[in-house]
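Undergrad: Have a look; sequence and predicted model below, questions after that.
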Number of protein chains: 2
Amino acid sequence: MNASVSTKDRILGAAEVLFAQRGFEGVSLRQLTSAAGVNLAAVNYHFGSKDRLVEQVFRRRLDALNAQRLAALATVRDKPETSLENVLAAYIRPALELSHDEGGALFMRVLARAFAEHDDRLRQFLSENYGHVMRQFTAEFARLLPQLGKSELYWRIDLVTGALTHAMSGFGMIQRPKDVSEDAHREQTTQHLIRFAVAGLSHP
Amino acid sequence: MNASVSTKDRILGAAEVLFAQRGFEGVSLRQLTSAAGVNLAAVNYHFGSKDRLVEQVFRRRLDALNAQRLAALATVRDKPETSLENVLAAYIRPALELSHDEGGALFMRVLARAFAEHDDRLRQFLSENYGHVMRQFTAEFARLLPQLGKSELYWRIDLVTGALTHAMSGFGMIQRPKDVSEDAHREQTTQHLIRFAVAGLSHP
DNA sequence: CGTATGCTCAAACGATCGTTTGAATGACAA
DNA sequence: TTGTCATTCAAACGATCGTTTGAGCATACG
(Lines give C-alpha, C1' and ligand atoms only; values in the text may rest on other atoms or scores of the structure.)
Protein backbone atom coordinates (compact mmCIF):
# COMPACT_ATOMS: atom_id res chain seq x y z
CA MET A 1 0.00 0.00 0.00
CA ASN A 2 1.13 3.52 -0.72
CA ALA A 3 1.16 6.55 1.56
CA SER A 4 -0.62 9.24 -0.46
CA VAL A 5 -2.76 7.73 -3.21
CA SER A 6 -2.33 4.14 -4.27
CA THR A 7 -1.25 3.26 -7.77
CA LYS A 8 -4.56 1.50 -8.29
CA ASP A 9 -6.58 4.61 -7.43
CA ARG A 10 -4.37 6.86 -9.51
CA ILE A 11 -5.02 4.61 -12.49
CA LEU A 12 -8.77 4.58 -11.84
CA GLY A 13 -8.89 8.37 -11.54
CA ALA A 14 -6.91 9.01 -14.69
CA ALA A 15 -8.93 6.38 -16.56
CA GLU A 16 -12.19 8.08 -15.69
CA VAL A 17 -10.98 11.43 -16.96
CA LEU A 18 -9.45 10.14 -20.17
CA PHE A 19 -12.19 7.65 -21.01
CA ALA A 20 -14.76 10.43 -20.66
CA GLN A 21 -12.79 12.63 -23.01
CA ARG A 22 -11.80 10.14 -25.67
CA GLY A 23 -13.58 6.84 -25.10
CA PHE A 24 -12.21 3.46 -24.17
CA GLU A 25 -10.52 2.68 -27.44
CA GLY A 26 -9.33 6.25 -27.85
CA VAL A 27 -7.01 6.06 -24.85
CA SER A 28 -3.89 3.93 -24.93
CA LEU A 29 -2.40 2.41 -21.82
CA ARG A 30 0.71 4.48 -22.44
CA GLN A 31 -1.24 7.73 -22.36
CA LEU A 32 -3.21 6.51 -19.38
CA THR A 33 -0.29 5.39 -17.24
CA SER A 34 1.65 8.49 -18.22
CA ALA A 35 -1.19 10.76 -17.07
CA ALA A 36 -1.53 8.76 -13.86
CA GLY A 37 2.21 8.96 -13.23
CA VAL A 38 2.64 5.21 -12.98
CA ASN A 39 4.50 2.60 -14.93
CA LEU A 40 3.01 1.14 -18.11
CA ALA A 41 2.91 -2.38 -16.69
CA ALA A 42 0.95 -1.27 -13.63
CA VAL A 43 -2.43 -1.62 -15.35
CA ASN A 44 -1.87 -5.25 -16.26
CA TYR A 45 -0.35 -5.92 -12.85
CA HIS A 46 -3.21 -4.46 -10.82
CA PHE A 47 -6.19 -5.11 -13.10
CA GLY A 48 -5.11 -7.96 -15.35
CA SER A 49 -6.06 -6.28 -18.59
CA LYS A 50 -7.44 -3.08 -20.06
CA ASP A 51 -10.93 -4.57 -20.28
CA ARG A 52 -10.95 -5.40 -16.58
CA LEU A 53 -9.86 -1.85 -15.84
CA VAL A 54 -12.84 -0.54 -17.79
CA GLU A 55 -15.08 -2.82 -15.75
CA GLN A 56 -13.65 -1.50 -12.49
CA VAL A 57 -14.15 2.10 -13.58
CA PHE A 58 -17.85 1.31 -13.95
CA ARG A 59 -18.14 -0.69 -10.77
CA ARG A 60 -16.61 1.96 -8.55
CA ARG A 61 -19.31 4.50 -9.39
CA LEU A 62 -22.32 2.37 -10.28
CA ASP A 63 -22.30 0.29 -7.11
CA ALA A 64 -22.73 3.41 -5.01
CA LEU A 65 -25.15 5.08 -7.41
CA ASN A 66 -27.57 2.18 -7.63
CA ALA A 67 -27.44 1.44 -3.92
CA GLN A 68 -28.51 5.03 -3.29
CA ARG A 69 -31.26 4.76 -5.89
CA LEU A 70 -32.68 1.61 -4.33
CA ALA A 71 -32.51 3.05 -0.84
CA ALA A 72 -34.32 6.19 -1.99
CA LEU A 73 -36.94 4.09 -3.75
CA ALA A 74 -37.52 2.01 -0.65
CA THR A 75 -38.01 5.14 1.44
CA VAL A 76 -40.51 6.52 -1.07
CA ARG A 77 -42.42 3.25 -1.28
CA ASP A 78 -42.86 3.03 2.47
CA LYS A 79 -44.83 6.24 2.53
CA PRO A 80 -48.63 5.98 2.56
CA GLU A 81 -48.99 7.52 -0.86
CA THR A 82 -46.29 7.43 -3.47
CA SER A 83 -46.18 10.12 -6.14
CA LEU A 84 -44.59 9.93 -9.56
CA GLU A 85 -42.46 12.92 -8.65
CA ASN A 86 -41.01 11.16 -5.64
CA VAL A 87 -40.15 7.99 -7.54
CA LEU A 88 -38.47 10.02 -10.25
CA ALA A 89 -36.59 11.96 -7.59
CA ALA A 90 -35.33 8.67 -6.17
CA TYR A 91 -33.99 7.84 -9.62
CA ILE A 92 -32.63 11.20 -10.65
CA ARG A 93 -31.32 12.78 -7.45
CA PRO A 94 -28.57 10.25 -6.71
CA ALA A 95 -27.31 10.60 -10.26
CA LEU A 96 -27.09 14.37 -9.96
CA GLU A 97 -25.38 14.12 -6.61
CA LEU A 98 -22.87 11.78 -8.17
CA SER A 99 -22.27 14.16 -11.05
CA HIS A 100 -21.58 16.83 -8.44
CA ASP A 101 -18.67 14.83 -7.06
CA GLU A 102 -15.24 15.45 -8.41
CA GLY A 103 -14.86 13.09 -11.32
CA GLY A 104 -18.50 12.13 -11.06
CA ALA A 105 -19.55 14.42 -13.88
CA LEU A 106 -16.90 12.86 -16.06
CA PHE A 107 -18.20 9.44 -15.16
CA MET A 108 -21.66 10.37 -16.42
CA ARG A 109 -20.05 11.07 -19.75
CA VAL A 110 -18.32 7.73 -19.66
CA LEU A 111 -21.71 6.17 -19.03
CA ALA A 112 -23.39 8.07 -21.85
CA ARG A 113 -20.66 6.98 -24.24
CA ALA A 114 -21.04 3.41 -23.10
CA PHE A 115 -24.75 3.56 -23.88
CA ALA A 116 -24.09 4.95 -27.33
CA GLU A 117 -21.51 2.30 -28.06
CA HIS A 118 -23.68 -0.73 -28.54
CA ASP A 119 -20.98 -2.93 -27.10
CA ASP A 120 -22.59 -6.25 -26.26
CA ARG A 121 -20.13 -7.25 -23.56
CA LEU A 122 -20.69 -3.97 -21.76
CA ARG A 123 -24.46 -4.16 -22.15
CA GLN A 124 -24.44 -7.61 -20.67
CA PHE A 125 -22.31 -6.45 -17.78
CA LEU A 126 -24.67 -3.59 -17.01
CA SER A 127 -27.74 -5.80 -17.34
CA GLU A 128 -26.31 -8.53 -15.11
CA ASN A 129 -25.11 -6.21 -12.38
CA TYR A 130 -27.66 -3.42 -12.33
CA GLY A 131 -30.67 -4.67 -14.27
CA HIS A 132 -32.65 -5.32 -11.09
CA VAL A 133 -32.58 -1.61 -10.27
CA MET A 134 -34.28 -0.62 -13.50
CA ARG A 135 -36.80 -3.42 -13.05
CA GLN A 136 -37.84 -2.15 -9.64
CA PHE A 137 -38.33 1.38 -10.90
CA THR A 138 -40.24 0.16 -13.94
CA ALA A 139 -42.59 -1.83 -11.71
CA GLU A 140 -43.23 1.27 -9.64
CA PHE A 141 -43.92 3.36 -12.73
CA ALA A 142 -46.36 0.73 -13.93
CA ARG A 143 -48.19 0.88 -10.61
CA LEU A 144 -48.43 4.66 -10.70
CA LEU A 145 -49.45 4.86 -14.36
CA PRO A 146 -52.04 2.09 -14.69
CA GLN A 147 -53.71 3.81 -17.63
CA LEU A 148 -50.67 3.13 -19.83
CA GLY A 149 -50.28 -0.11 -21.75
CA LYS A 150 -47.08 -2.05 -21.31
CA SER A 151 -45.51 -1.07 -24.62
CA GLU A 152 -46.60 2.53 -24.16
CA LEU A 153 -44.93 2.64 -20.74
CA TYR A 154 -41.71 1.14 -22.02
CA TRP A 155 -41.64 3.65 -24.83
CA ARG A 156 -41.95 6.57 -22.46
CA ILE A 157 -39.42 5.26 -19.97
CA ASP A 158 -37.00 4.77 -22.82
CA LEU A 159 -37.45 8.31 -24.07
CA VAL A 160 -37.09 9.76 -20.58
CA THR A 161 -33.97 7.70 -20.03
CA GLY A 162 -32.52 9.05 -23.25
CA ALA A 163 -33.22 12.62 -22.19
CA LEU A 164 -31.67 12.19 -18.77
CA THR A 165 -28.62 10.37 -20.03
CA HIS A 166 -28.12 13.05 -22.63
CA ALA A 167 -28.53 15.86 -20.11
CA MET A 168 -26.41 14.38 -17.38
CA SER A 169 -23.61 13.45 -19.72
CA GLY A 170 -22.76 17.12 -19.63
CA PHE A 171 -23.67 17.53 -23.26
CA GLY A 172 -26.27 20.16 -22.54
CA MET A 173 -25.89 20.90 -18.85
CA ILE A 174 -26.71 24.54 -18.41
CA GLN A 175 -24.07 26.71 -16.80
CA ARG A 176 -24.60 27.80 -13.24
CA PRO A 177 -25.04 31.59 -12.91
CA LYS A 178 -22.50 33.23 -10.66
CA ASP A 179 -25.10 34.46 -8.16
CA VAL A 180 -26.52 30.97 -7.52
CA SER A 181 -24.86 28.57 -5.11
CA GLU A 182 -23.85 25.18 -6.36
CA ASP A 183 -26.30 23.40 -4.09
CA ALA A 184 -29.14 25.65 -5.18
CA HIS A 185 -28.24 25.13 -8.82
CA ARG A 186 -28.22 21.38 -8.42
CA GLU A 187 -31.62 21.55 -6.75
CA GLN A 188 -32.95 23.66 -9.63
CA THR A 189 -31.56 21.20 -12.13
CA THR A 190 -33.10 18.31 -10.26
CA GLN A 191 -36.51 19.95 -10.24
CA HIS A 192 -36.13 20.69 -13.92
CA LEU A 193 -35.36 17.14 -14.87
CA ILE A 194 -38.12 15.76 -12.66
CA ARG A 195 -40.75 18.05 -14.13
CA PHE A 196 -39.65 17.13 -17.64
CA ALA A 197 -39.76 13.44 -16.80
CA VAL A 198 -43.21 13.73 -15.21
CA ALA A 199 -44.51 15.47 -18.32
CA GLY A 200 -42.92 12.87 -20.58
CA LEU A 201 -44.24 9.91 -18.61
CA SER A 202 -47.75 11.05 -17.78
CA HIS A 203 -48.87 13.22 -20.70
CA PRO A 204 -52.35 12.28 -22.03
CA MET B 1 -16.39 3.89 -63.38
CA ASN B 2 -17.69 0.45 -62.61
CA ALA B 3 -20.69 -1.33 -64.07
CA SER B 4 -22.67 -2.53 -61.03
CA VAL B 5 -21.79 -0.55 -57.89
CA SER B 6 -18.77 1.68 -57.80
CA THR B 7 -15.92 0.98 -55.43
CA LYS B 8 -16.59 4.31 -53.77
CA ASP B 9 -20.22 3.44 -52.98
CA ARG B 10 -19.31 -0.05 -51.82
CA ILE B 11 -16.91 1.51 -49.33
CA LEU B 12 -19.48 4.05 -48.14
CA GLY B 13 -22.10 1.35 -47.65
CA ALA B 14 -19.84 -0.97 -45.73
CA ALA B 15 -18.52 1.94 -43.66
CA GLU B 16 -22.00 2.92 -42.56
CA VAL B 17 -22.82 -0.60 -41.42
CA LEU B 18 -19.55 -1.21 -39.61
CA PHE B 19 -19.25 2.25 -38.04
CA ALA B 20 -22.74 1.87 -36.62
CA GLN B 21 -21.86 -1.47 -35.12
CA ARG B 22 -18.43 -0.74 -33.74
CA GLY B 23 -17.67 2.96 -34.02
CA PHE B 24 -15.11 4.79 -36.08
CA GLU B 25 -12.07 3.69 -34.19
CA GLY B 26 -13.42 0.19 -33.74
CA VAL B 27 -13.31 -0.59 -37.44
CA SER B 28 -9.99 -1.03 -39.23
CA LEU B 29 -9.56 -0.28 -42.90
CA ARG B 30 -8.70 -3.91 -43.43
CA GLN B 31 -12.01 -5.08 -41.98
CA LEU B 32 -13.81 -2.34 -43.87
CA THR B 33 -12.31 -2.98 -47.28
CA SER B 34 -12.65 -6.72 -46.78
CA ALA B 35 -16.37 -6.37 -46.02
CA ALA B 36 -16.80 -4.08 -49.00
CA GLY B 37 -14.94 -6.49 -51.26
CA VAL B 38 -12.40 -3.94 -52.37
CA ASN B 39 -8.68 -3.54 -52.01
CA LEU B 40 -7.17 -2.10 -48.84
CA ALA B 41 -5.63 0.83 -50.68
CA ALA B 42 -8.96 1.84 -52.21
CA VAL B 43 -10.00 3.95 -49.23
CA ASN B 44 -6.93 6.13 -49.38
CA TYR B 45 -7.14 6.29 -53.15
CA HIS B 46 -10.78 7.41 -53.30
CA PHE B 47 -11.11 9.38 -50.06
CA GLY B 48 -7.58 10.42 -49.16
CA SER B 49 -7.73 9.17 -45.58
CA LYS B 50 -9.94 7.38 -43.10
CA ASP B 51 -11.01 10.70 -41.53
CA ARG B 52 -12.22 12.01 -44.87
CA LEU B 53 -14.16 8.80 -45.36
CA VAL B 54 -15.91 9.37 -42.03
CA GLU B 55 -16.78 12.88 -43.15
CA GLN B 56 -18.28 11.60 -46.40
CA VAL B 57 -20.36 9.02 -44.55
CA PHE B 58 -21.95 11.88 -42.63
CA ARG B 59 -22.34 14.17 -45.58
CA ARG B 60 -24.13 11.62 -47.74
CA ARG B 61 -27.01 11.27 -45.27
CA LEU B 62 -27.09 14.60 -43.48
CA ASP B 63 -27.26 16.73 -46.61
CA ALA B 64 -30.48 15.02 -47.64
CA LEU B 65 -31.90 14.87 -44.11
CA ASN B 66 -31.46 18.54 -43.34
CA ALA B 67 -32.65 19.68 -46.73
CA GLN B 68 -35.88 17.77 -46.11
CA ARG B 69 -36.18 19.24 -42.63
CA LEU B 70 -35.80 22.80 -43.89
CA ALA B 71 -38.25 22.20 -46.73
CA ALA B 72 -40.81 20.80 -44.31
CA LEU B 73 -40.29 23.72 -41.94
CA ALA B 74 -40.79 26.22 -44.75
CA THR B 75 -44.03 24.53 -45.72
CA VAL B 76 -45.28 24.63 -42.14
CA ARG B 77 -44.28 28.24 -41.69
CA ASP B 78 -46.19 29.37 -44.76
CA LYS B 79 -49.45 28.19 -43.32
CA PRO B 80 -51.66 30.81 -41.63
CA GLU B 81 -51.26 29.28 -38.20
CA THR B 82 -48.29 27.17 -37.20
CA SER B 83 -48.68 24.60 -34.46
CA LEU B 84 -45.97 23.12 -32.27
CA GLU B 85 -46.96 19.69 -33.49
CA ASN B 86 -46.37 20.64 -37.11
CA VAL B 87 -42.95 22.14 -36.45
CA LEU B 88 -41.91 19.06 -34.51
CA ALA B 89 -43.22 16.89 -37.32
CA ALA B 90 -41.04 18.82 -39.75
CA TYR B 91 -38.09 17.98 -37.56
CA ILE B 92 -38.87 14.39 -36.67
CA ARG B 93 -40.56 12.96 -39.75
CA PRO B 94 -37.62 13.28 -42.16
CA ALA B 95 -35.39 11.56 -39.62
CA LEU B 96 -37.77 8.65 -39.27
CA GLU B 97 -38.14 8.37 -43.02
CA LEU B 98 -34.38 8.25 -43.28
CA SER B 99 -34.17 5.55 -40.64
CA HIS B 100 -36.65 3.59 -42.73
CA ASP B 101 -34.26 3.51 -45.66
CA GLU B 102 -31.89 0.65 -45.99
CA GLY B 103 -28.81 1.65 -44.09
CA GLY B 104 -30.57 4.71 -42.78
CA ALA B 105 -31.36 3.15 -39.43
CA LEU B 106 -27.72 2.26 -39.07
CA PHE B 107 -26.78 5.81 -39.87
CA MET B 108 -28.89 7.08 -36.99
CA ARG B 109 -26.79 4.93 -34.73
CA VAL B 110 -23.65 6.37 -36.25
CA LEU B 111 -25.04 9.80 -35.50
CA ALA B 112 -25.94 8.93 -31.91
CA ARG B 113 -22.46 7.60 -31.34
CA ALA B 114 -20.97 10.72 -32.81
CA PHE B 115 -22.98 12.82 -30.37
CA ALA B 116 -21.83 10.74 -27.43
CA GLU B 117 -18.23 10.96 -28.52
CA HIS B 118 -17.41 14.52 -27.64
CA ASP B 119 -15.02 14.70 -30.55
CA ASP B 120 -14.29 18.37 -31.13
CA ARG B 121 -13.43 18.03 -34.80
CA LEU B 122 -16.69 16.25 -35.48
CA ARG B 123 -18.72 18.71 -33.42
CA GLN B 124 -17.21 21.57 -35.36
CA PHE B 125 -17.97 19.85 -38.64
CA LEU B 126 -21.60 19.33 -37.66
CA SER B 127 -21.95 22.88 -36.36
CA GLU B 128 -20.40 24.44 -39.45
CA ASN B 129 -22.40 22.44 -41.94
CA TYR B 130 -25.76 21.94 -40.27
CA GLY B 131 -25.93 24.43 -37.40
CA HIS B 132 -28.23 26.75 -39.33
CA VAL B 133 -30.92 24.07 -39.38
CA MET B 134 -31.08 23.82 -35.61
CA ARG B 135 -31.09 27.60 -35.33
CA GLN B 136 -34.12 27.92 -37.58
CA PHE B 137 -36.05 25.35 -35.60
CA THR B 138 -35.06 26.93 -32.31
CA ALA B 139 -36.29 30.31 -33.51
CA GLU B 140 -39.60 28.76 -34.43
CA PHE B 141 -39.91 27.06 -31.06
CA ALA B 142 -39.20 30.37 -29.35
CA ARG B 143 -41.96 32.02 -31.35
CA LEU B 144 -44.47 29.30 -30.48
CA LEU B 145 -43.52 29.15 -26.79
CA PRO B 146 -43.23 32.81 -25.81
CA GLN B 147 -43.98 32.05 -22.17
CA LEU B 148 -40.63 30.25 -21.79
CA GLY B 149 -37.46 32.10 -20.92
CA LYS B 150 -34.46 31.59 -23.15
CA SER B 151 -32.57 29.27 -20.83
CA GLU B 152 -35.73 27.35 -20.05
CA LEU B 153 -36.37 26.82 -23.75
CA TYR B 154 -32.82 25.67 -24.43
CA TRP B 155 -33.08 23.25 -21.56
CA ARG B 156 -36.20 21.65 -22.93
CA ILE B 157 -34.96 21.51 -26.50
CA ASP B 158 -31.83 19.84 -25.27
CA LEU B 159 -33.77 17.22 -23.31
CA VAL B 160 -36.08 16.52 -26.24
CA THR B 161 -33.11 16.21 -28.55
CA GLY B 162 -31.56 13.70 -26.19
CA ALA B 163 -34.74 11.63 -26.10
CA LEU B 164 -35.12 11.61 -29.87
CA THR B 165 -31.49 10.83 -30.56
CA HIS B 166 -31.66 8.02 -28.04
CA ALA B 167 -34.85 6.60 -29.51
CA MET B 168 -33.90 6.89 -33.14
CA SER B 169 -30.48 5.41 -32.61
CA GLY B 170 -32.30 2.11 -32.38
CA PHE B 171 -31.43 1.72 -28.75
CA GLY B 172 -35.04 1.53 -27.67
CA MET B 173 -37.00 1.34 -30.89
CA ILE B 174 -39.97 -0.80 -30.21
CA GLN B 175 -40.46 -3.80 -32.45
CA ARG B 176 -43.13 -3.65 -35.08
CA PRO B 177 -45.95 -6.17 -34.44
CA LYS B 178 -46.46 -8.62 -37.27
CA ASP B 179 -50.00 -7.45 -38.00
CA VAL B 180 -48.99 -3.81 -38.55
CA SER B 181 -47.58 -2.62 -41.85
CA GLU B 182 -44.25 -0.91 -41.88
CA ASP B 183 -45.71 2.38 -43.03
CA ALA B 184 -48.36 2.28 -40.33
CA HIS B 185 -45.77 1.49 -37.70
CA ARG B 186 -43.59 4.35 -38.78
CA GLU B 187 -46.58 6.65 -38.60
CA GLN B 188 -47.38 5.40 -35.09
CA THR B 189 -43.80 5.93 -34.03
CA THR B 190 -43.80 9.44 -35.48
CA GLN B 191 -46.96 10.35 -33.59
CA HIS B 192 -45.47 8.89 -30.45
CA LEU B 193 -42.31 10.92 -30.65
CA ILE B 194 -44.18 14.09 -31.53
CA ARG B 195 -46.57 13.76 -28.60
CA PHE B 196 -43.69 13.12 -26.24
CA ALA B 197 -41.80 16.13 -27.59
CA VAL B 198 -44.86 18.37 -27.32
CA ALA B 199 -45.32 17.33 -23.70
CA GLY B 200 -41.64 17.87 -22.95
CA LEU B 201 -41.52 21.29 -24.60
CA SER B 202 -44.78 22.81 -23.49
CA HIS B 203 -45.49 21.36 -20.03
CA PRO B 204 -46.45 24.04 -17.46
C1' DC C 1 -0.45 0.81 -82.89
C1' DG C 2 1.31 3.53 -79.09
C1' DT C 3 0.32 5.71 -75.05
C1' DA C 4 -1.99 8.17 -71.74
C1' DT C 5 -5.40 7.67 -67.87
C1' DG C 6 -8.07 5.70 -64.08
C1' DC C 7 -8.17 2.17 -61.15
C1' DT C 8 -6.81 -2.15 -58.57
C1' DC C 9 -3.61 -4.96 -56.46
C1' DA C 10 0.02 -7.28 -53.25
C1' DA C 11 3.51 -5.84 -50.50
C1' DA C 12 5.81 -3.16 -47.51
C1' DC C 13 6.46 1.12 -44.35
C1' DG C 14 6.93 3.05 -39.72
C1' DA C 15 4.16 3.74 -35.77
C1' DT C 16 1.52 2.30 -32.02
C1' DC C 17 -1.21 -1.01 -29.74
C1' DG C 18 -1.99 -4.39 -25.31
C1' DT C 19 0.69 -7.51 -23.04
C1' DT C 20 4.68 -10.08 -21.03
C1' DT C 21 9.14 -10.57 -19.00
C1' DG C 22 12.80 -10.51 -15.70
C1' DA C 23 15.51 -7.70 -13.02
C1' DA C 24 15.61 -3.90 -9.44
C1' DT C 25 13.54 -1.91 -5.40
C1' DG C 26 11.87 -1.39 -0.79
C1' DA C 27 9.30 -2.79 3.42
C1' DC C 28 8.87 -6.07 6.87
C1' DA C 29 9.34 -10.73 9.50
C1' DA C 30 12.35 -14.19 11.21
C1' DT D 1 21.29 -9.54 8.78
C1' DT D 2 18.92 -12.42 5.76
C1' DG D 3 15.02 -13.92 3.23
C1' DT D 4 10.34 -13.05 1.53
C1' DC D 5 7.06 -10.85 -0.86
C1' DA D 6 4.60 -7.17 -3.16
C1' DT D 7 5.41 -3.67 -6.21
C1' DT D 8 7.74 -0.91 -9.80
C1' DC D 9 10.54 -0.47 -13.68
C1' DA D 10 12.76 -0.48 -18.54
C1' DA D 11 12.67 -3.25 -22.30
C1' DA D 12 10.98 -6.15 -25.50
C1' DC D 13 7.17 -9.14 -27.71
C1' DG D 14 4.05 -10.07 -31.61
C1' DA D 15 0.08 -8.08 -33.61
C1' DT D 16 -2.34 -4.63 -35.91
C1' DC D 17 -2.96 0.01 -37.22
C1' DG D 18 -3.32 3.86 -41.31
C1' DT D 19 -0.77 4.89 -45.11
C1' DT D 20 2.40 4.62 -49.17
C1' DT D 21 4.51 2.46 -53.03
C1' DG D 22 5.16 0.75 -57.61
C1' DA D 23 3.85 -2.69 -60.66
C1' DG D 24 -0.15 -4.48 -63.31
C1' DC D 25 -4.34 -4.01 -65.89
C1' DA D 26 -8.05 -2.17 -68.46
C1' DT D 27 -10.21 1.27 -71.37
C1' DA D 28 -10.13 5.31 -74.50
C1' DC D 29 -7.94 8.54 -77.60
C1' DG D 30 -4.30 10.35 -80.87
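TA: Thanks, I have it.
Undergrad: going forward, measure contacts between C-alpha atoms and count neighbours the same way
TA: Fine.
Undergrad: so how far is stretch A:99-107 from its chain's centroid?
TA: 9 Å (CA atoms, centre = their mean, to the nearest Å).
Undergrad: Same check on stretch A:128-136?
TA: 13 Å.
Undergrad: and for it, what are the contacting residues?
TA: A:66, A:69, A:70 (CA atoms under 8 Å, 6 or more residues apart in numbering or on different chains).
Undergrad: Just the ones in helices from those, please.
TA: Counting by DSSP state H, the contacts of stretch A:128-136 place A:66, A:69, A:70 in helices.
Undergrad: any chance of these in a markdown table, with distance to DNA strand C too?
TA: Shown next, in a markdown table, are the ones in helices among the contacts of stretch A:128-136 (distance: CA to the nearest atom of the strand, whole Å):
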| residue | distance to DNA strand C |
| --- | --- |
| A:66 | 28 |
| A:69 | 33 |
| A:70 | 34 |
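Undergrad: how about the helix or strand bottoming out on mean pLDDT in chain A, does it get close to chain B?
TA: Lowest mean confidence among the helices and strands of chain A (mean pLDDT, DSSP states H and E): helix A:104-116, at a mean of 77. Yes - Helix A:104-116 is in contact with chain B by CA under 8 Å from any CA of the partner chain, via A:109, A:112, A:113, A:116.
Undergrad: Check stretch A:7-23 too.
TA: Yes - judged by CA under 8 Å from any CA, stretch A:7-23 comes into contact with chain B through A:21, A:22, A:23.
Undergrad: Now, of those residues, which are buried?
TA: A:21, A:23 (16 or more other CA atoms under 10 Å in any protein chain shown).
Undergrad: Please report which of the ones in helices among the contacts of stretch A:128-136 has the highest neighbour count.
TA: residue A:69 (23 neighbours; other CA atoms under 10 Å in any protein chain shown).
Undergrad: tell me how far stretch A:19-28 is from the chain's mean position?
TA: The answer for stretch A:19-28 is 17 Å, by CA atoms, centre = their mean.
Undergrad: Could you give the average pLDDT over that stretch?
TA: For stretch A:19-28, mean pLDDT is 88.
Undergrad: first vs last residue of that stretch, how far apart are they?
TA: 10 Å (CA to CA, to the nearest Å).
Undergrad: what do you get for stretch A:42-57?
TA: 15 Å.
Undergrad: What are the contacting residues of that stretch?
TA: Contacts of stretch A:42-57 (CA under 8 Å, 6+ apart): A:7, A:8, A:11, A:12, A:15, A:16, A:24, A:29, A:33.
Undergrad: In terms of pLDDT, where does residue A:103 sit?
TA: 69.
Undergrad: how about the residues of chain A near DNA strand C?
TA: Taking CA under 7 Å from any atom of the strand as the criterion, the neighbours of DNA strand C within chain A are A:25, A:27-31, A:40-41, A:44-45, A:48-51.
Undergrad: What parts of chain A come near DNA strand D?
TA: A:1, A:2, A:6, A:7, A:38, A:39, A:40, A:41, A:42, A:45.
Undergrad: Tell me the secondary structure at the residue lying closest to the fourth one once chain neighbours are set aside.
TA: Once its chain neighbours are removed from consideration, residue A:7 has its nearest residue in residue A:38; the separation is 6.8 Å (CA to CA, 6 or more residues apart in numbering or on different chains). Three-state call for residue A:38 (DSSP: H, G, I helix; E, B strand; the rest coil): coil.
Undergrad: Give me the below-cutoff pLDDT ranges for chain A.
TA: A:1-4, A:103, A:118-120, A:170-176 (pLDDT under 70).
Undergrad: Report the contact partners of the most centrally placed residue in chain A.
TA: Geometric centre of chain A, nearest residue: residue A:108, 5.0 Å, by CA atoms, centre = their mean. Listed by CA under 8 Å, 6+ apart, the contact set of residue A:108 reads A:99, A:165, A:168, A:169, A:170.
Undergrad: hmm, back to that, dump the residues of helix A:104-116 next to chain B into TSV; add neighbour count as well.
TA: Shown next, in TSV, are the residues of helix A:104-116 next to chain B (neighbours: other CA atoms under 10 Å in any protein chain shown):
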residue	neighbour count
A:109	28
A:112	25
A:113	27
A:116	24
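Undergrad: could I get these as CSV with distance to residue A:145?
TA: CSV is the format used below for the residues of helix A:104-116 next to chain B (distance: CA to CA, whole Å):
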residue, distance to residue A:145
A:109, 31
A:112, 27
A:113, 31
A:116, 28
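Undergrad: how many neighbours does the closest residue to DNA strand D within chain A have?
TA: Residue of chain A nearest DNA strand D, by CA to the nearest atom of the strand: residue A:39 (3.8 Å). Neighbour count of residue A:39, defined by other CA under 10 Å: 13.
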